[in-house]
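S.K.: Any chance you could fold what I've pasted below:
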Amino acid sequence: MATQSIIDRPTKSAVPRRLAWLSVLLLLAAALLLAAAGPAYRSEMLELGDAFSLLRYATYTAMAAAAVGLMALLAGIIKRRFGPGFTAVLVIACAVAVLYVPWQHWQRAQAVPAIHDITTDMDNPPAFTALANAREEAPNEMEYPGESTAEQQRAAYPEIQPLTLDAPMNTVLAAVQAEMQDAGWQIVDVSQNHIEATATTRWFGFKDDVVVRLSEEDSATRVDMRSASRLGKSDVGTNAARVYTFLNALKARLTQS
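M.R.: This next block holds a predicted model:
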């Protein structure tokens with residue numbers, strides 16, 4: 001009986017322990033796929049479609065990790081093996097965190113219009129000049145898409161408006177340039193009333209072009225801005241957020257100075 005008890009002991013804990021280790025391995029694979037998608041595209045190792053496929057595989061693998069983790073948890077409870085059960089709880093929590101990234105992206109995509117060119121002046125959008133060649137070579141058009149995009153922007157982002165500052169143009173221009181530098185954008189061209197730059201997203205390295213145009217209005221300076229993606233039908237709200245954040249930061253910078 002003693003010999004039989006010794007033989008049974010490892011068998012009793014084998015199932016929850018093995019399930020827990022399997023869930024850990026699946027979780028690590030999901031995290032690796034998720035983390036590799038952006039850098040692989042940015043370094044030109046993968047095409048964009050293949051990089052998005054990695055995200056899809058990461059989602060499926062994270063779901064599998066959570067499912068196996070749940071089985072490990074149940075097996076640990078039934079067999080009273082709390083070590084594998086605790087591991088399973090951690091795996092499930094981490095898998096949910098991994099799944100949150102593509103879920104959040106999907107949610108944002110559903111909540112905003114499928115546009116990629118945002119401006120404070122839809123009747124006379126600031127034009128790209130120094131970045132004209134780069135935009136002509138990109139999939140998205142260089143010219144402003146037109147009234148359809150304008151209507152969708154008005155409905156989705158009514159807060160995107162021109163900014164009027166009680167400061168001379170040269171002061172505003174210097175503040176615009178400083179704000180762009182602080183944001184980490186690559187400034188391409190600066191003139192008396194016009195500045196162009198390129199913003200690169202951190203994960204996938206998508207390039208979005210930005211132009212700011214200044215014009216005098218009595219003793220004030222009007223700031224118009226445009227941010228447009230080079231690639232993709234929908235920017236998932238990125239350009240609108242960039243314009244809104246930048247103009248608020250610019251206003252705060254000049255208010256504090």
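
S.K.: Surely residue 31 touches residue 99?
M.R.: No. Counting by Cβ atoms under 8 Å, residue 31 stays clear of residue 99, with 11.1 Å between them. C-beta here means a position set from N, CA and C on the backbone, and glycine is covered the same way.

S.K.: how's this structure carved up into domains?
M.R.: Domain assignment for the chain by automatic domain parsing gives 2-111, 117-256.

S.K.: Now mean neighbour count too, for those domains, in CSV please.
M.R.: Formatted as CSV, these follow (neighbours: other Cβ atoms under 10 Å):
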stretch, mean neighbour count
domain 2-111, 16
domain 117-256, 17
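
S.K.: Is it possible to get a markdown table of those domains that adds mean pLDDT?
M.R.: Shown next, in a markdown table, are the domains of the chain (pLDDT from 0 to 100):
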| stretch | mean pLDDT |
| --- | --- |
| domain 2-111 | 83 |
| domain 117-256 | 94 |
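
S.K.: Okay, strands next: where are they in the stretch 101-250 of the chain?
M.R.: Along the stretch 101-250 of the chain, counting by DSSP state E, counting those that start in this stretch, strands occupy 117-119, 163-165, 186-190, 194-200, 207-217, 220-229.

S.K.: between those strands, which one is nearest to residue 86?
M.R.: Counting by Cβ to Cβ, residue 86 lies closest to strand 194-200 out of the strands of the stretch 101-250 of the chain; the figure is 41.2 Å.

S.K.: what sits up against the closest one?
M.R.: Strand 194-200 is contacted by residues 126, 128-131, 134, 173, 176-177, 180, 183-189, 206-214, 227, 242 when judged by Cβ atoms under 8 Å, 6 or more residues apart in numbering.

S.K.: got a list of what residue 138 touches?
M.R.: Taking Cβ under 8 Å, 6+ apart, we find residue 138 in contact with 207, 230-231.
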